[in-house]
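Peer 1: Below: sequence and its predicted model.
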Amino acid sequence: MNLEMLWVFALLAACVAAFIANRPRMDVVAITAMLALVVSGVLEVNEALAGFSEPSVILIAAFFIIGEGLVRTGVAYRVGDWLIRTAGSSETRLLVLLMLAVAGLGSVMSSTGVVAIFIPVALSVANRIGASPGRLMMPLAFAALISGMLTLVGTPPNLVVSSELERNGFEGFAFFDFTPAGLAVLAVGVAYMLVARRWLADKPDPKPERNGRRRRLRELAEDYRLLNRVRRMMVAQGSPMIGHTLGELQLRASHGANIIAIERQRQFGRIMLTTSANREILAGDILLVDFTCPAGNIERFTTDMRLQDRVFKNDYFTDMSRELGLAEVTLPPGSTLIGRSILELRMRSQRGINVMGVRRNGQPLEDDILREKLKMGDTLLIAGTWKAIRLLHTQPQNFLVLTLPAEIDEAAPAASRAPHALLALAITVGLMISGSVPNVIAALIGCLLMGALRCLDLNSAYRSIHWQSLILIIGMLPFATALQKTGGIDVIVSALLGLTGEASPRAVMAVLFVLTAVVGLFISNTATAVLMAPIGIGLAQQLGASPYPFAMTVALAASAAFMTPVSSPVNTLVLGPGHYRFTDFVRIGVPFTLIVLVICVVLLPVLFPP
């Protein structure tokens with residue numbers, strides 16, 4: 001070994017130690033190491049900064065944005081809704097559909113984001129069918145990890161490994177090259193979890209009502225006694241409301257009927273419209289109406305206006321929570337609303353929100369709240385789109401927002417653009433499959449389409465990029481160059497070949513898988529792929545074998561973070577909701593990791609023969 005090689009190995013060991021300690025942050029460690037390689041003279045400046053022009057880095061950033069478009073348009077949440085409808089009361093059906101849905105979505109968007117979306121969905125269905133959350137949370141995490149094995153863009157390590165192949169003069173992986181192996185792992189994973197769930201003993205929540213828990217829409221509605229007041233009604237042909245605006249009709253003042261929202265049929269389905277004063281009523285519109293008048297007046301009103309009842313699947317506060325919400329606000333001293341009635345405030349025409357209830361001294365007012373003069377300290381329950389509710393934060397002189405329900409985190413700001421998001425995704429994947437343009441160009445086209453079709457705005461796009469992951473990749477990529485320049489790769493490859501002796505390529509792949517998986521226990525899967533990809537390709541070249549099964553072994557092993565709750569963010573996310581202990585992941589994850597090892601060693605040489 002020469003001094004430069006020893007310096008690179010020492011620096012690499014220091015980085016791994018810092019990653020394990022998580023101090024300082026991983027991206028800071030990576031950039032510091034990159035600078036150290038330049039200052040010490042191991043790398044030229046252009047070699048150290050090559051990661052900033054690496055296509056895989058741009059591709060990863062682009063798919064962060066595309067994934068955000070799927071979230072903001074509600075595509076991911078609609079998959080969750082479908083799961084709730086389809087699972088019924090069967091825990092087995094729920095587990096299978098949950099794993100398939102999470103794996104499918106995670107193959108084209110952030111697996112961590114998918115898990116965050118599906119945790120409340122799985123908990124809700126588990127509560128409804130009486131299943132233990134512990135029997136569902138680990139399958140959810142495992143499916144998210146397996147999703148990274150299904151496509152080229154399923155997880156950053158796949159792209160890192162593909163780029164390393166290209167740097168060594170080979171053709172990179174195609175979009176679906178990972179799919180056969182990934183589907184095999186997914187099929188075995190579903191079967192495994194159907195058996196292994198019985199080892200996850202039912203663990204009741206030790207604190208079912210945690211202090212500080214976010215309240216739900218239904219709880220707010222119950223506090224203001226609203227659950228039986230809201231009805232869903234269709235405007236029939238011949239209704240006297242047709243052709244008139246809400247401002248002209250003045251239904252709340254004249255009939256005690258407050259139109260909260262309007263559903264209207266469009267080309268791709270129904271959309272939710274706000275209820276501004278100039279909103280015209282059309283035949284076939286479905287109105288969400290909050291009635292504050294006596295029951296007899298309600299029936300007379302619906303008959304006179306030719307409105308037909310349309311039932312809710314559950315209730316208003318569940319069915320419409322993606323588009324509409326509730327919030328609790330109070331009137332601070334000096335608010336211009338104090339001393340005025342709700343009718344005088346014209347909240348719907350001026351702010352796009354409706355006042356649904358008023359609490360004074362802790363008690364809901366049940367008389368005619370429309371004409372009640374508001375007082376300082378009154379608490380108002382307002383209803384409207386989530387966008388309108390968020391805007392109340394910009395008016396602190398008049399409103400202090402007290403309670404935002406948990407559903408606001410699940411709201412889809414661009415729900416009506418869901419078909420457009422799917423179109424942009426289909427075009428992107430189609431371009432990548434066809435090979436008509438480079439993958440990175442196809443992904444950038446997909447980002448532009450998401451923006452042009454108004455699936456997300458520029459601010460949301462930039463916020464969606466996980467910059468820490470990108471900087472980590474950029475900072476660690478120079479290590480591969482440094483190890484190759486100093487001969488470090490050859491030393492590691494020779495050591496591994498000496499360890500395996502005259503073993504077959506499959507045995508060497510098994511050792512490579514184990515080494516990669518063990519390294520991945522301590523550092524991120526992306527950093528693991530950066531370090532192990534050149535070693536895997538070097539092993540293949542020394543053996544005179546195809547580099548593809550070795551490269552894919554590194555990618556799949558980097559995603560096989562099943563063994564501990566801290567080896568992947570998705571495992572950490574389900575640790576609390578599933579009420580797991582550290583040993584639960586060891587008991588379930590280690591055997592499954594060995595199963596994935598067998599699948600790789602048996603299947604990959606068949607898929608990528610010499």
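Peer 2: Yes, it's here. Residues are numbered from 1 along each chain as shown.

Peer 1: May I ask you to confirm that Lys485 is in contact with Leu43?
Peer 2: Yes: look at Lys485 against Leu43 with Cβ atoms under 8 Å: they come within range, at 7.3 Å. Every residue, glycine included, has its C-beta placed from N, CA and C.

Peer 1: Can you pick out the residue with more neighbours from these two?
Peer 2: The neighbour comparison of Lys485 against Leu43 (other Cβ atoms under 10 Å) goes to Leu43, with 22 against 18.

Peer 1: Report the contact partners of the more buried one.
Peer 2: If a contact means Cβ atoms under 8 Å, 6 or more residues apart in numbering, then Leu43 has 37, 478, 481-482, 485 as its contacts.

Peer 1: How about Leu287?
Peer 2: With Cβ under 8 Å, 6+ apart, Leu287 has these contacts: 232-235, 259, 261-263, 281, 307.

Peer 1: which residues pair with it across the strands?
Peer 2: Beta bridges link Leu287 to Met233, Ile262, judged by DSSP bridges.

Peer 1: Let me know the pLDDT of it.
Peer 2: Leu287 carries a pLDDT value of 90.

Peer 1: about what we covered before: would TSV of the contacts of Leu287 with distance to Asp457, neighbour count and pLDDT be doable?
Peer 2: Formatted as TSV, these follow (distance: Cβ to Cβ, whole Å; neighbours: other Cβ atoms under 10 Å; pLDDT from 0 to 100):
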residue	distance to Asp457	neighbour count	pLDDT
Arg232	31	21	86
Met233	34	20	90
Met234	33	16	92
Val235	33	21	94
Ile259	29	21	86
Ala261	23	22	83
Ile262	25	21	87
Glu263	25	20	86
Ile281	30	22	93
Leu307	37	23	92
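
Peer 1: Go through these and name the one nearest Val440.
Peer 2: Checking the contacts of Leu287 against Val440 by Cβ to Cβ gives Glu263 as the nearest, at 40.6 Å.

Peer 1: Just give the number of residues close to the closest residue to the closest one other than its chain neighbours.
Peer 2: Distances taken as Cβ to Cβ, 6 or more residues apart in numbering place Ile286 nearest to Glu263, at 4.0 Å, with adjacent residues excluded. By the criterion of other Cβ under 10 Å, Ile286 has 19 neighbours.

Peer 1: do Phe64 as well
Peer 2: Counted with other Cβ under 10 Å, the neighbours of Phe64 add up to 22.

Peer 1: Now it. Nearest residue, chain neighbours left out?
Peer 2: Per Cβ to Cβ, 6+ apart, closest to Phe64 is Ile465, 4.7 Å.

Peer 1: For Leu194, see how far away the one you found is.
Peer 2: Using Cβ to Cβ, to the nearest Å, we find Ile465 at a distance of 37 Å from Leu194.

Peer 1: my guess is the residue nearest to Phe64 contacts Ile65, does it?
Peer 2: Yes: shown here, Ile465 and Ile65 form a contact pair, counting by Cβ under 8 Å, at 6.6 Å.

Peer 1: which one of those two has more residues nearby?
Peer 2: Ile65 (23 against 16).

Peer 1: what about the closest residue to Leu575 other than its chain neighbours, neighbour count?
Peer 2: Spatial nearest neighbour of Leu575, excluding adjacent residues (Cβ to Cβ, 6+ apart): Pro565 at 4.7 Å. Neighbourhood size, Pro565 [other Cβ under 10 Å]: 24.

Peer 1: residues contacting Pro565?
Peer 2: 571-572, 575, 580, 582, 584-585.

Peer 1: mind running it again at 7 Å?
Peer 2: Neighbouring residues of Pro565 by Cβ atoms under 7 Å, 6 or more residues apart in numbering: 571-572, 575, 580, 582, 585.

Peer 1: ditto for Arg359
Peer 2: Neighbouring residues of Arg359 by Cβ under 7 Å, 6+ apart: 224, 379.

Peer 1: again, only using 10 Å
Peer 2: Shown in contact with Arg359 (Cβ atoms under 10 Å, 6 or more residues apart in numbering): 223-224, 328, 330, 365, 377-381.

Peer 1: Return the members of the residues you listed classed as buried.
Peer 2: Neighbour-count burial (16 or more other Cβ atoms under 10 Å) applied to the contacts of Arg359 gives 223-224, 328, 330, 378-381.

Peer 1: Identify the residue nearest the geometric centre of the protein.
Peer 2: Central residue check for the chain by Cα atoms, centre = their mean: the C-alpha nearest the mean position is that of Gly113, 2.4 Å away.

Peer 1: For that residue, give me the backbone phi and psi.
Peer 2: Here is the backbone geometry of Gly113 (degrees, to the nearest 10): phi -60, psi -40.

Peer 1: do the same with Arg454
Peer 2: Here Arg454 shows phi and psi, under degrees, to the nearest 10, equal to phi 60, psi 40.

Peer 1: quick one: it and Ala13, what's the gap?
Peer 2: Distance from Arg454 to Ala13, counting by Cβ to Cβ: 49 Å.
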